[in-house]
Each structure stands twice: as C-alpha cells, then as structure tokens.
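S.K.: predicted model and sequence follow; I will ask about them next.
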Amino acid sequence: MLRRKGTKLLMGRSLATRTGLLAFCIFFLLLPGRASIPPFDRDEPRYMQATAQMLDSGNFIDVRFQDKPRYLQPAGIYWLEAAAVSLSGTLKEREVWAYRVPSLLAMTASVVLTARMGALLFNPAAGLMAATLLGTSVLVTAEGRMATIDSMLLLIVVLVQTVLLRVLRDRAAGRSTPVWTAVLFWGALGCGLMLKGPVILIPGLGTPLAFAFAERDRSWLKRLRPAWGWLVMLAVVLPWCVAIGIVSHGEFFQRAVGRNFLGKIGHGQEAHGAFPGYHLAVFAIAFWPGSFFAAAALPVIWSWRASWKVRFLLCWIIPLWVVFELIATKLPHYVLPAYPAIAILTGAALQASGDVWKAWPRSLWGRFFLGFYGFVWAAAGIALSVAGIGLSEALEGRIPVSAWLAAGGSLPLLALTLRETFRSRLWRAAMCSAGAAVVIYMGLFLGVIPHLQSIWLAPRVVELVDQYRPCPDTEVVSSSFSEPSLVFLMHGQVELRNVREGAAMLRRNPSCGLVVVDRRDLGAFQDELARRDIRSLEYGRVSGFNYSTGKWLDLGLYGAPSP
C-alpha cells in the first residue's frame, strides 16, 4: 500500500517538481555543520591550503602546499574550490564553508541523478528509494561535507553512467544516438581525468567494456564514437598536462602517476594497506542504513540477472569493486562510485518484490548469513545513535541536549525498522531506517561534533597564538603538532619543524618568534634553549586529542621574554 501511494504521488508531480524537491532535501541534509565544523585532518585542509595559495599567488597550474609541490592529481578540484572561494569573497577570512561548496553541490547532483537513473531503469518509486539509501548513507554524508575530491569524482562517474544508460536505451528502442551524447561521454571522462587522473577510466571504460563482454555484443559501442571521441577527452585535459609538464619538468607525472597512482597498486601507502575483501567488510558501516537492505535484496537481484538493465548496473559495480579490492592501498571512499548502482538495484528490488524473504535460499547458511549481517547492521545503528552521547562524555565530560535528542529520536525509528523487517515489510523498514539516519546526522553535525573542543586543536592553537602574537609578522614554529589544519587556519604562516629548529628560530628571532611544543617534547626543547643560552616564557597551553595520530597532546606556546 505504501509503495503504491508513493508511486502515485511521484507520478502525479512533474519531473521538475520531483527533482527540485529531492535536491532540496539532500541539500538540506548535507548543510548542517558545513560552516561550524573546522577542517577535518588530514586531506581536507591540504586541499584548502593549496587552493588558498593558488588564489594568493595567481598560479593556477602548479599546485603547492606551502613550499612543496602537491603532485597527487591534476588541478581540477583546486580550480573548482578556488572559484567557490572567489565568488564568496572569503579568501582572507579562511571560511571553511566556501571550500566545501563544490562537494555540497556535487553530492546533491549525484543523488538526484541516481534517482533519475533509477526512474528510467525501473520506476520513480525505485528511483526515490535509491536516492534515499544513497543520500542517507554514512559515507555520502561524510564525504559530502568535506572539501575533498571524492564528491566531485562521484558526480562525474554518475554523469558518465547516465550517458551510457542513454545509449543503451537508444539501442533497446532501436533509435540512433545523437553525436552530442558521445561528446558528453568523452568530455565527462576528460573532466574526470582533470580531477583524479586515470582513476575515472576504471568505471568510465570498465562499465561499457564489461557490458559488451556480458552481452557478447560490441556493436553498440560504436554509438560512443570511439574513433574520434578520445580526442574530445584529450582536448579537455591535454592543455593543462602540457603546462604542468613544462613547469614541473616532468616531475608531476613521475609523482602523480608513477608514485601516487601506480604506487597504490603494489603496497599500502600512508599505512592504508588492507586485505582483499576490506571494502566488502566495511560496507555494512559505509552504506548504512542501506547496507542490510542491499544484502537482503541479493537473491531478487540475482533472479533478474537476465535483464540488460540489471546487467548494466552489475557491470558498473563489479569491475570497479574488484579493482579496488585487489590494489594494496584501501580507503572506504575508493568504492564510493559504485554506491549509486547498488542503491538503484536495492531500491528496485524493495519496490518490485512483495516479499524479499521468499527469494532467499532456505539453506541454513543463507539464513545465518543474513541474520548475522542484520545483527552487525543493528549494532552499527545503535552505536551511531548513541555516538553523540559517548563522544561528548569521553572527550568533554558533559553531554549536550542535542546528543540526547539524536539518540531519543533515532532509537525508536530503529526499533520500528526491526519490527517492519520481521514482518517482511522491507520498504517500510528502509524508510524508517533512513529517518533514523537523518535524525542521527542532524544531531551529530548540528549539536555534537562542532562542540567537541578536545578534538579541534588547530583553532584553539591559532586563537592562543593570536592572543600573544608579539609582532604583526610573528614567526611561528610548531614542533609537536603538524596537522595541515593548523597550516590552513594560520594562513600558511607557520613552519612545521622539530624542537631543535624551533629553538634555533627563537635564537635568531627572539622578539617576534613563538614555538608550539607538546609537554612530551618539552625536556628536549628546554635542553636546546639552554644550549643556546635562551630563556623562554610560557604564554599558555592547549590540550586535547589528536584524532589523526590517536594521541592526547598538551601543547604549550613559548617565546623569548623581552630583555
């Protein structure tokens, strides 16, 4: 009954109205915390600082973080963030929300396009469920709030797959595919190359090639005009490639392709190595609350495998997933581009199947698998519901009202989810779980995370430095806290050095120098000062938890007293 009413409601509205309403809901869901939460270490402030330096210097080719080249990927994401900051006029103020605008818009558009694809492949109700599961997933909610590259990459992937779907629908209807479709496909691949280099080619070319293999039909690939389409892709990326090749004397390609891209295949970089199957293991959390329903829908999806629509989505998911399970370096967001296809398949299965349970194997192992997965899912939901309470108590010693509201609002919805699941009404259960997710995210990002002062060390260090800054051009060395967020919030005017170099700076610039030192390094710092016959003065202290390293820090600000 609920599915039929939802379908009638969706069909009764115009496409523009449905799209606008969905975009507004996702935009509103991703909005809380965007301005109040400081930069998340470590990747986000690196993007922010490199963008700020790009605007300050006017050099839009050679991306740098302080005095070091940032040769990890092309400049596309920095250009987008630079445009957002320039239009907002917040460069001098270092307002974090401006740098996060491209991610907000990209993630909103990705969810809307997912809903559109679900509606075209199946029906509007399936598209709505797909958008709901994708938009409320943990990984999408987190990545959509950060000024990193992954939200924009997801949008490019979904756009590429939308174009492929248009081509396949043309084939199924027996009509010709216009030239602009091929131009859009190859142009989107070029934009993907400008964002993250060859990574876009894994889903961009992997999907059509895998589908052609599965269909045993390569003739439809001609609709993409590959004979000249690759020239469109090169036209997008080649000018910048030539420019950076000249500026960096080829060093960019050695680092970005040789070390960053190919280096991740053989070994785990930056301690991010993991076992094959890692992405499948973390899927329960990363795609929560949709992860259980995706698992429950597997038999229904398998029974549809003869449909070209389902094969298209599976050819989107499987090659990408296999590649990232095989490479050594693993992070949860690597398989994010597969999530829209998973959401569409899950939404379609929940909407079309009257009783998903009937499709499940009656063998004991099948029931045990789903039961165990449901237990993990429920435990994750409860943990997320009370996360605000636990974090606030552990880090701040007090629990804000918002944490209680998040738990009190989400736990009953999770109980309803379990009840509807046991009654085999998975559509209703999925909607209840999505409601619980919304309550959790609102509580965490509005009232809990922005006020966890213990983990936001960088803003407090900057405040302490500004309070005791002896000169307008004060030289600051941080010898114990080297997170990129400090560099960004200090407008790049801080040197990340050791205690010896900090003491040497005070010797050279006693009147206008400050050093940040952790209590664990204080003895070594004082020994260096004594060796240089320098007296020091402690101006103040900041203590808290560095979540990037998992260590508690007690930072002191030191300077040389005036004679």
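M.R.: Structure received. Numbering: from 1, shown residues only.
S.K.: and the most centrally placed residue in the chain, what does it touch?
M.R.: For the chain, the residue nearest the mean C-alpha position is E143 (2.5 Å; Cα atoms, centre = their mean). Going by Cβ atoms under 8 Å, 6 or more residues apart in numbering, E143 touches 103, 107, 150-151, 154, 333, 336. In this view, the C-beta of every residue, glycine as well, is placed from N, C-alpha and C.
S.K.: swap in V183?
M.R.: Counting by Cβ under 8 Å, 6+ apart, V183 has contacts 229, 232.
S.K.: repeat that for 7 Å
M.R.: Residues near V183 by Cβ atoms under 7 Å, 6 or more residues apart in numbering: V232.
S.K.: for S86, identify the helix or strand it belongs to.
M.R.: Taking DSSP states H and E as the definition, one finds S86 inside helix 76-88.
S.K.: need the next SSE after that helix, C-terminal direction.
M.R.: Moving toward the C-terminus from helix 76-88, the next helix or strand (DSSP H and E) is helix 96-99.
S.K.: chain center to that next one, what's the gap?
M.R.: Per Cα atoms, centre = their mean, to the nearest Å, the displacement of helix 96-99 from the mean C-alpha position of its chain is 15 Å.
S.K.: list every C-alpha atom in it, with coordinates, as CSV.
M.R.: Extracted C-alpha coordinates of helix 96-99, given in CSV (Å, rounded to 0.1, in the frame of the first residue of the first chain):
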residue,chain,number,x,y,z
VAL,A,96,35.8,26.7,5.6
TRP,A,97,32.2,26.6,4.2
ALA,A,98,33.3,28.2,0.9
TYR,A,99,35.8,25.5,0.1
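S.K.: which SSE is immediately downstream of it?
M.R.: Counting by DSSP H and E, what follows helix 96-99 is helix 101-121.
S.K.: kindly tell me how buried the nearest residue to A560 once chain neighbours are set aside is, as a neighbour count.
M.R.: The shortest distance from A560 to any non-neighbouring residue, by Cβ to Cβ, 6 or more residues apart in numbering, is to P510 (3.7 Å). For P510, the neighbour count with other Cβ atoms under 10 Å is 17.
S.K.: surely P510 meets S562?
M.R.: No: contact criterion Cβ atoms under 7 Å: P510 and S562 do not qualify, at 8.4 Å.
S.K.: show me where the stretch 451-563 of the chain has its helices.
M.R.: 457-468, 484-489, 499-508, 522-531 (DSSP state H, counting those that start in this stretch).
S.K.: so can I have JSON lines of those showing distance to F253?
M.R.: Shown next, in JSON lines, are the helices of the stretch 451-563 of the chain (distance: least, Cβ to Cβ, whole Å):
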{"stretch": "helix 457-468", "distance to F253": "33"}
{"stretch": "helix 484-489", "distance to F253": "24"}
{"stretch": "helix 499-508", "distance to F253": "32"}
{"stretch": "helix 522-531", "distance to F253": "40"}
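S.K.: which one of those helices is the most hemmed in?
M.R.: Mean neighbour count (mean count of other Cβ atoms under 10 Å) peaks for helix 484-489 among those, with a mean of 25.
S.K.: what residues does that helix touch?
M.R.: In contact with helix 484-489 (Cβ under 7 Å, 6+ apart) are residues 38-39, 41-42, 45-46, 48-49, 66, 94, 458-459, 461-462, 478, 494.
S.K.: the helix holding S86: which residues count as buried?
M.R.: Buried residues in helix 76-88, defined by neighbour count with 16 or more other Cβ atoms under 10 Å: 76-82, 84-85.
S.K.: swap in stretch 87-103?
M.R.: Here stretch 87-103 shows 91, 94, 96-103 as buried, counting by 16+ other Cβ under 10 Å.
S.K.: biggest separation within those residues, which pair?
M.R.: Largest separation among these by Cβ to Cβ: L91 and S103, giving 18.2 Å.
S.K.: quick check, A75 in contact with W240.
M.R.: Yes: in terms of Cβ under 7 Å, A75 counts as a neighbour of W240; the distance is 6.2 Å.
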